[in-house]
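Enquirer: Here is my input; please provide its structure:
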Amino acid sequence: HYLNMSGWDEGGIFFSDQGAGGEEDEQTVTRSNAHRVFSDFLRNFREFSSDGPTLYRDQLDFEPPPKTLKVSLDDLKSHNKELEEVLRTNPAEYLPLLELAAGEVLASLRSKKPLEHEDESPAHDIQVLLSSTEMPSSIRSLSSEGISKLVVLSGIVIAANKTQSKATHITLMCKTCKNTKIVTCKPGFGGAMMPRTCDARMNAGAQGEEPCPLDPFTVLPDRSKYVDQQKLKLQELPEDVPIGEMPRNMLLSIDRSLVQRTVPGTRVNLVGIYSIFQQREAGKKAGKAAVAIRQPYIRVVGLEESQDGNVRGNINFTPAEHEEFKAFASQPNVLQEIRNKIAPAIFGADDIKAAVASLLFGGSRKQLPDGVRLRGDVNVLLLGDPSTAKSQILKFVDRTAPIAVYTSGKGSSAAGLTASVIKDSSSGEAFLEGGAMVLADGGVVCIDEFDKMRPEDRVAIHEAMEQQTISIAKAGITTVLNSRTAVMAAANPPSGRYDDMKSAADNIDLQTTILSRFDLIFIVKDERSWDKDVKLAKHVLGVHRDASEEAANSRSRGLREAQEGAGPGEEHVFNLKRYIQYCRARVIPRLTERAAEALGREYVKIREEQRQRNHARSNTEAPNPVPITVRQLEAIIRVSESLAKMAMQSEATEAHVAEALRLFNISTIDASRAGITDAILTEDQRNELLHTEAVIKRYLPVGGSISERHLVDTVLKTGVNEYAVRRAMLGMSQRGELEFRNERRKVTRRL
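Expert: Below is the predicted model:
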C-alpha cells in the first residue's frame, strides 16, 4: 500500500491515512465538521441582516453555472470564527473542502434536491476566491513564521510569464502488468511522489507469478488532468519602498480562472498561501542546490486589481479627515492656500506652483461611447537656467504625489521608461517587465534632465503621454499596457542657459511633436534684479537658519520625541498628499456651458494671433517650436477641471477657465513668443546680416569644418560686431547651411 506522504518543504500541510486510532478519528471528524459548516455557510449566510438575501447561494444559482465564487473572510468570520481561524492557519487543507462544499451546493441547486450522500462528488468544479478587508501587509514583513498560512499583500505586477498546464491528477501505468494508478499532484509549484512498487502484484510471488520490478510506472499524459497555471512577479509599491533601498520582489502562482487577466503595471491586492519550493538551477549548477534552502512564493487564492487610475493608494478616509477636507475646500481662498503648500521652501515661482498643483490634482478622465479615452492628466515642462529650483520642484512632486516615480533623462532608456522583454533564466522563455511609466500608472513620472535624453528614447514616450498606453511588439509578445500618468519634466536649453538673444526655436531644442504633448511649458529665467536678489538671499538664509534651529531643538528634545513628532514641512506634505487622494477619488468636475463658450472664443482668438505671427514671419526665421493646436485647447480644459477639483466643486466655471487661460498665456504662449525674431530687424540690420553671412561663406568652404571660436575671431577682424556674427550663424544653422557639432564647439558648412 503506497502512502502519499510529502516532505516538510512543499508549502502545504498533508496527512497520512495510515493506522487506526483516536487521532485519525479526531482528524476525520474535524474535516467532516468543517465540510458541513462550509456547506451551511454557503447555503444560509445572509447579507446585512437575518432577513437579508442569501449572498453566496444567489451567486451560485445562475445559468450557466459560475466557475468561480468570491468568498469574504469577514463573512466567514461572522458566521463561524473558529473555522475562519483554521482556514487562515491551515489553508492548504481546508480550502479544498470549501471548494468541494461549493460544488455540492451548486449541484443541489441545479438538481433542486439535496444530495443523498455527503461524500458524493459534485458535478461542477468551483474555484473559490478569497477576499479580505484587512490592511495589506508588505513583502518585507513576510517571515518564516507565516509559511503555509494565509497572507494579504499589495503590490504591483511587473512581469507575467506565459500560461502553462499544471497536472492535478497524473495517471500512471505499470510497464509489466499494465495496471493503472492515479496520483494527486500538490497545488502551486508542488509535484507528485512516484510510487516505487506496483500494488497489483505485491503478492505475486506466492501465486507463482513474477512480481513487478521496482519503479515500473510510466506517465500517461493524455489521461491525466490539467489546469492552467501562470507565474507572475510582484514588486513592492514604489511609494512603500524606504528611501535608499531596492524594491523587493515575490513570485506568484495563479491558476484556473485567474490566468491571463493581469498585465504588467497592474496594482493588485491579493490573498495567498505563503509557500516554499526548491528552485532547480539550469546549466552547470543543476542538482547542486542546498538541501535545506527553499525559495518562497505566494500561491494566490484571491486577486483584486485597481481599475481606475485616479484612485490609488489608501483610499479609506476617517470621519475626521472627511470633516477636515470639506472645511478646507469651503474656504474662499482655497486655491491660494494649496499653492502656499506647494514647495514652501522655494521662493516665488507662484505660477509654476499653480501649475504643479494642477498636475497633482489632475483633470477628469473621459471615456467616449466609441471606446476612445481622453486623458485627464496634466503634463508640465520646466525649461530654463540652472539654479532655478527646477529639480527641487520635481523632488517635491515625487514626495507629495500619492504615486510617483523619479528618473533622470541621462540614466533612462526607452525600455526602462516603457517596458522591456526579459528572458527567464530557468525556462528560457520571454516575458514582459514594466518600466517607470508603467509602474507609475495612476500617478506622476518626474523626468529630470529631459533634454539629455537620446532622441530615440524620447520618442518612446510619445504614445504614453497622449494615448496613455504603451504598445509592445517584441520577441513574439504583442500587448498594450496602461500608462495613465502625468509627466513632470525639467530641461535646460542647448547652451546651458536661456539666451534672450536667440530665437525660441534655438532655445527650445526639443521636437514639436513632444512639445505639443505638454499642457504647460514654463520658461524659467534667472533674472538679475537688486530687489529680487535681496529678497531671495533673505529667504534662502532664513530657510537654512530655521532648519538648523529645528535640528538643534529636535536633538535637545531627545531622539524619541524627534521620531514621533514631524516637522512643519513634513506635516504639510502629508496632509496635502491625503487631500490630493481624497479629491482624485471623489471629485469628477465637468465644464459648464457658459465656461465652454468662453473658452471656445479665447481659443479661436489665440489661433488667429498665431496665424498673424506666421504671416509676419520672414523666410529666414525658423518656425515656432511651440504650436497652438487642439491639444492645447484640451490642455486648458484639463487645467480648468483641476482647479475645480482643488475646491471640490463638481463644475468648472468661467472663473476656473479664466485662471486656466491666465496660466496658459504666461507659460506656453510666452514660451512661443520668447527670444528675438527676424521680424523686428531694421533694414540696416538685415543688410549687415547678409554681409556677415557672405563673409562667413568666403572663409568657410562647403564641407569645411572649423572651431566656432576661431571662425568668430576671423570674421570679427573684418570689422563686423560679434552680435551680427552670432545672429548670422544662427540663421544659417536654422536654414541647414551650417551645422554645429561637439556641443557647438565645432562648425561645419553643409551648403
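Enquirer: going forward, measure contacts and count neighbours with C-alpha atoms only.
Expert: Noted.
Enquirer: Grab the nearest non-local neighbour of the residue nearest to the spatial centre of the chain.
Expert: Taking Cα atoms, centre = their mean, the centroid of the chain lies closest to residue 439, which sits 2.6 Å from it. Leaving aside its chain neighbours, residue 439 sits nearest to residue 265 (5.3 Å; criterion: Cα to Cα, 6 or more residues apart in numbering).
Enquirer: What count of nearby residues applies to the one you found?
Expert: Residues near residue 265, counting by other Cα atoms under 10 Å, number 27.
Enquirer: Now do the same contact list for it.
Expert: Residues near residue 265 by Cα atoms under 8 Å, 6 or more residues apart in numbering: 156, 157, 158, 434, 438, 439, 440, 441, 481, 482.
Enquirer: Tell me, please, where in the stretch 351-500 of the chain the pLDDT is lower than the cut-off.
Expert: Across the stretch 351-500 of the chain, residues meeting the criterion (pLDDT under 70) sit at 424-429, 496, 498-500.
Enquirer: quick one, helices of it?
Expert: For the stretch 351-500 of the chain, the helices defined by DSSP state H, counting those that start in this stretch cover 390-400, 414-417, 436-439, 455-459, 462-466.
Enquirer: Check the stretch 651-751 of the chain too.
Expert: Assigned by DSSP H, counting those that start in this stretch, the stretch 651-751 of the chain shows helices spanning 654-664, 670-673, 683-699, 708-716, 722-734.
Enquirer: Next, the angle from the helix or strand hosting residue 610 to helix 654-664.
Expert: Per DSSP states H and E, residue 610 falls inside helix 593-616. Orientation check (axes from the mean of the first three to the mean of the last three Cα atoms, to 10 degrees): helix 593-616 against helix 654-664 gives 20 degrees.
Enquirer: Can you identify the element that follows helix 593-616 toward the C-terminus?
Expert: Next in sequence after helix 593-616, counting helices and strands by DSSP H and E, comes helix 630-646.
Enquirer: what comes up buried for that following helix?
Expert: Of the residues in helix 630-646, 632-646 count as buried by neighbour count, 16 or more other Cα atoms under 10 Å.
Enquirer: shouldn't the residue nearest to the centre of the chain be in contact with residue 156?
Expert: Yes - if you go by Cα atoms under 8 Å, residue 439 and residue 156 touch, sitting 7.2 Å apart.
Enquirer: Residues that sit against both of those two, list them.
Expert: The contact sets of residue 439 and residue 156 overlap at 265, 266 (Cα under 8 Å, 6+ apart).
Enquirer: residues touching residue 252, list them.
Expert: Here residue 252 is in contact with 231, 232, 233, 234, 297, 298, 299, 300 (Cα under 8 Å, 6+ apart).
Enquirer: my guess is residue 653 meets residue 591, correct?
Expert: Yes - here residue 653 reaches residue 591: they are 6.6 Å apart, a contact under Cα under 8 Å.
Enquirer: Could you tell me the per-residue confidence at residue 557?
Expert: On pLDDT, residue 557 comes in at 52.
Enquirer: what does the one 10 residues further on give?
Expert: Residue 567 carries a pLDDT value of 42.
Enquirer: what comes up buried for the longest strand along the chain?
Expert: If you go by DSSP state E, the chain has its longest strand at strand 217-235. Residues of strand 217-235 classed as buried by neighbour count (16+ other Cα under 10 Å): 217, 219, 224, 226, 228, 229, 230, 231, 232, 233, 234, 235.
Enquirer: Beyond it, next helix or strand please.
Expert: Downstream of strand 217-235 (by DSSP H and E), the next one is strand 249-255.
Enquirer: Partner strands of that next one and their direction?
Expert: Strand pairing for strand 249-255, using DSSP bridges, gives strand 217-235 (antiparallel), strand 295-305 (parallel).
Enquirer: so who does residue 66 touch?
Expert: Residue 66 touches 59, 60, 126, counting by Cα under 8 Å, 6+ apart.
Enquirer: if you set the cut-off to 7 Å instead, what comes out?
Expert: Neighbour list for residue 66: residue 60 [criterion: Cα atoms under 7 Å, 6 or more residues apart in numbering].
Enquirer: what stretches of the stretch 1-150 of the chain score poorly on pLDDT?
Expert: 1-30, 47-53, 112-124.
Enquirer: hmm, 50 instead?
Expert: Judged by pLDDT under 50, the stretch 1-150 of the chain has its weakly predicted residues at 1-29, 113-122.
Enquirer: Tell me where it has helices.
Expert: Counting by DSSP H, counting those that start in this stretch, the helices of the stretch 1-150 of the chain are 22-44, 55-60, 73-79, 81-89, 91-111.
Enquirer: in the third one, what counts as buried?
Expert: By that I understand helix 73-79. 73, 74, 75, 76, 79.
Enquirer: And the first one, how far from residue 87?
Expert: If you measure residue 73 against residue 87 using Cα to Cα, to the nearest Å, the figure is 9 Å.
Enquirer: With residue 593 instead?
Expert: For residue 593, the distance to residue 87 equals 57 Å [Cα to Cα].
Enquirer: For these two, indicate the residue with more neighbours.
Expert: residue 87 (20 against 12).
Enquirer: Neighbours of the nearest residue to that one once chain neighbours are set aside, how many?
Expert: Among residues not flanking residue 87 along the chain, residue 94 sits closest, at 5.8 Å (Cα to Cα, 6+ apart). The local packing of residue 94 (other Cα under 10 Å) involves 21 other residues.
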